[in-house]
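Asker: Provided below are the primary sequence and the corresponding predicted coordinates.
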Amino acid sequence: DAKTTQPPSMDCAEGRAANLPCNHSTISGNEYVYWYRQIHSQGPQYIIHGLKNNETNEMASLIITEDRKSSTLILPHATLRDTAVYYCIVRADNYGQNFVFGPGTRLSVLP
Amino acid sequence: EAQVTQNPRYLITVTGKKLTVTCSQNMNHEYMSWYRQDPGLGLRQIYYSMNVEVTDKGDVPEGYKVSRKEKRNFPLILESPSPNQTSLYFCASSLKGDRYEQYFGPGTRLTVT
């Protein structure tokens, strides 16, 4: 699976958009980009995933560059409850094997 | 309510005393998985199961066993726990494989002395 690079931490003002970047320059054509988040020590929560098209759901938007070497997770109106560690994971459809979470980005939403 | 449950949530035990952490899901998911989370190492997969009676090793399977006799349950067994298995453990499930949204349990904090 391709390696991902995320900033270790970011701040965002409450009510503003939070843009979390992820670099995955070695991504292969069959690898998906996934985003999960973990609030404190709770179980991780799925946010969104995509292959090459931009995706949007009720939680966030995922923007993948045309060359697929990077992506951005957008939380359109961040709230204090969005403070969490956000994980960007790139992997092929390996049906379960070795799904690894890296260190992620610690997002702090400030009042 | 759709959920993944784990028991116990907290456990302190001694080296060598066999223990089982239970995991159950009520969503009729085929795929289930166990992870451990350690400071500085992130979440790492221990074992996963694609369906009943189908299990396979993840990234860090040493010292652990699993079984999948029923679709809803996926217990994690530590036959002879050691202090290096002190960790936060999460169970997860998804519809079919990890390409689908994985639902995680609340976690089990295990301390082995």
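Answerer: Yep, it's here.
Asker: Near chain A, which residues of chain B are found?
Answerer: Neighbours of chain A within chain B, by Cβ under 8 Å from any Cβ of the partner chain: B:4, B:31, B:33, B:35, B:40, B:42-45, B:48-50, B:56, B:58-59, B:88, B:90, B:92, B:97-99, B:101-107, B:109. For every residue, glycine as well, the C-beta is placed using N, CA and C.
Asker: Strands along the chain, start to end?
Answerer: This is for chain A. Ranges of strands in chain A, per DSSP state E, are A:9-13, A:18-23, A:32-38, A:45-50, A:55-56, A:61-64, A:70-75, A:84-91, A:105-110.
Asker: um, chain B though
Answerer: Under the criterion DSSP E, chain B carries strands at the ranges B:4-7, B:10-13, B:19-25, B:31-38, B:42-51, B:54-57, B:65-66, B:76-78, B:87-94, B:103-104, B:108-112.
Asker: buried stuff in the first one?
Answerer: In this case it means strand B:4-7. B:4, B:6 (16 or more other Cβ atoms under 10 Å in any protein chain shown).
Asker: do the second one as well
Answerer: Of the residues in strand B:10-13, B:11, B:13 count as buried by neighbour count, 16+ other Cβ under 10 Å.
Asker: residue in chain A nearest to chain B?
Answerer: Nearest residue of chain A to chain B: A:Gly43, at 3.0 Å (Cβ to the nearest Cβ).
Asker: Name the nearest residue to that residue, sequence neighbours excluded.
Answerer: B:Phe104 (3.0 Å; Cβ to Cβ, 6 or more residues apart in numbering or on different chains).
Asker: ok, that neighbour touching B:Phe90?
Answerer: Yes. Between B:Phe104 and B:Phe90 there is a contact under Cβ atoms under 8 Å: 5.2 Å.
Asker: For chain A, what's the nearest residue on chain B?
Answerer: Here the residue of chain B nearest chain A is B:Phe104; by Cβ to the nearest Cβ that distance is 3.0 Å.
Asker: The nearest residue to A:Asn30 once chain neighbours are set aside and A:Glu31: what is the separation?
Answerer: Closest residue in space to A:Asn30, ignoring its immediate chain neighbours: A:Ala92 at 4.9 Å, by Cβ to Cβ, 6+ apart. Separation of A:Ala92 from A:Glu31 (Cβ to Cβ, to the nearest Å) stands at 5 Å.
Asker: With neighbour numbers in mind, choose between these two.
Answerer: Remark: of A:Ala92 and A:Glu31, A:Glu31 carries more neighbours, 19 against 15, as counted by other Cβ atoms under 10 Å in any protein chain shown.
Asker: I'd assumed A:Ser71 was in contact with that one.
Answerer: No. Between A:Glu31 and A:Ser71 there is no contact under Cβ under 8 Å: 11.4 Å.
Asker: what residues do the two have in common as contacts?
Answerer: Listed as contacting both A:Glu31 and A:Ser71 by Cβ atoms under 8 Å, 6 or more residues apart in numbering or on different chains are A:His24.
Asker: in chain B, which ranges drop under the pLDDT threshold?
Answerer: Along chain B, the parts satisfying pLDDT under 70 run over B:97-99.
Asker: same thing but at 90, please
Answerer: For chain B, residues meeting the criterion pLDDT under 90 lie at B:1-2, B:39-43, B:58-59, B:94-102.
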